[in-house]
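A.B. asks: No sequence on hand, only this structure:
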């Protein structure tokens, strides 16, 4: 007799999470409250994303877990170990092989397909939280589609720094209705949300919220006409390992020479390119 049900949760808990997920898919960008369960990992370390993943997994699924582009970080490795112990399903580091991809702070470089699901871990799901501490008031502002405070925040950044200074988690408008926090992905990844072929689910365990971007949904990063949205600029740079360009890079410095060089942030993408060169 197994000590735990398949995928850790009892079937009633899975159904409750799935119902919230279906509602989130039906109303793109809307934050759906759900009864976030206690998990054997601390809140803030991906419990929201993990609950989504566990509620969706089946025996035939293949899971990939990444943390800031890396498959072998502490967060990613421990979540994979837990999923494997609770399900026994296959794991992979190849984006193209996975059916469910759980990620923290990055969207893979390989374009996702319609038969894949991307689950993003979210620490703070409320895009209005920086300008309004009250949950009751933020709900009213969303209902009224009143986002002037966010526009004012971006305007103040331009007045102080002559540019928008959101390094990550830049707010987006989903389906011309809800302003949404895309999780702390870099600005470079915001464009991957627009008209994505894959279903994108976002879960915040500590804040008890689930929201979603269904496939082929319009997603626009907030910006002004005279100060358009700009991503990180890696033009003219290549990965020192695989030679890739037009991807999101980590900037590294050689301790001995002080020389600056660049490496693909997506570790499995870089490794795949290296293996292809060796064949």
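C.D. replies: On my side now, so go ahead. This one's a predicted model, so the numbers in the text were calculated from it and none came from an experiment.
A.B. asks: Walking through the stretch 51-200 of the chain, point out its strands one by one.
C.D. replies: Using DSSP state E, counting those that start in this stretch, the strands of the stretch 51-200 of the chain run over residues 62-67, 90-91, 100-104, 117-121, 172-174, 178-180, 199-204.
A.B. asks: So which of those strands is nearest residue 150?
C.D. replies: Counting by C-beta to C-beta, residue 150 lies closest to strand 178-180 out of the strands of the stretch 51-200 of the chain; the figure is 6.1 Å. The way it works is simple: take the backbone N, C-alpha and C, and place the C-beta from them, glycine included.
A.B. asks: The closest one: partners in the sheet, and parallel or antiparallel?
C.D. replies: Counting by DSSP bridges, the strands paired with strand 178-180 are strand 172-174 (antiparallel).
A.B. asks: Contacts for the partner strand next, please.
C.D. replies: For strand 172-174, the surrounding residues in contact (C-beta atoms under 8 Å, 6 or more residues apart in numbering) are 28-29, 179-180, 182, 190, 193, 213, 217-222.
A.B. asks: again, but for stretch 260-273
C.D. replies: With C-beta under 8 Å, 6+ apart, stretch 260-273 has contacts from 64, 66, 68-72, 93-95, 106, 108-110, 234, 237-244, 247-254.
A.B. asks: same thing but at 7 Å, please
C.D. replies: If you take C-beta atoms under 7 Å, 6 or more residues apart in numbering as the criterion, stretch 260-273 is touched by 69-71, 93-95, 106, 108-110, 237-242, 244, 247-254.
A.B. asks: got the end-to-end distance for that stretch?
C.D. replies: As for stretch 260-273, its first-to-last residue distance stands at 22 Å under the measure C-alpha to C-alpha, to the nearest Å.
A.B. asks: how far out from the middle of the chain is it?
C.D. replies: Mean-position distance between stretch 260-273 and its chain equals 19 Å (C-alpha atoms, centre = their mean, to the nearest Å).
A.B. asks: quick one: buried residues of it?
C.D. replies: For stretch 260-273, a neighbour-count test (16 or more other C-beta atoms under 10 Å) marks 261-273 as buried.
A.B. asks: now, which of the contacts of strand 172-174 sits nearest residue 79?
C.D. replies: Using C-beta to C-beta, residue 182 comes nearest to residue 79 of the contacts of strand 172-174, at 20.3 Å.
A.B. asks: Neighbours of that closest one, how many?
C.D. replies: Residue 182 has 27 neighbours, counted by other C-beta atoms under 10 Å.
A.B. asks: Correct me if wrong: it contacts residue 188.
C.D. replies: No: Residue 182 is beyond contact range of residue 188, at 11.5 Å (criterion: C-beta atoms under 7 Å).
A.B. asks: mind listing the helices for the stretch 151-279 of the chain?
C.D. replies: 187-193, 267-278 (DSSP state H, counting those that start in this stretch).
A.B. asks: Is it possible to get a markdown table of those helices that adds mean pLDDT?
C.D. replies: What follows is those, written out as a markdown table (pLDDT from 0 to 100):
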| stretch | mean pLDDT |
| --- | --- |
| helix 187-193 | 97 |
| helix 267-278 | 87 |
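A.B. asks: Turn those into CSV, including distance to residue 13.
C.D. replies: Shown next, in CSV, are the helices of the stretch 151-279 of the chain (distance: least, C-beta to C-beta, whole Å):
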stretch, distance to residue 13
helix 187-193, 28
helix 267-278, 31
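A.B. asks: between the ones you listed, which one is nearest to residue 199?
C.D. replies: Taking the helices of the stretch 151-279 of the chain one by one with C-beta to C-beta, helix 187-193 is closest: 11.7 Å.
A.B. asks: ok, and for that closest one, which residues are buried?
C.D. replies: 187-190, 192-193.
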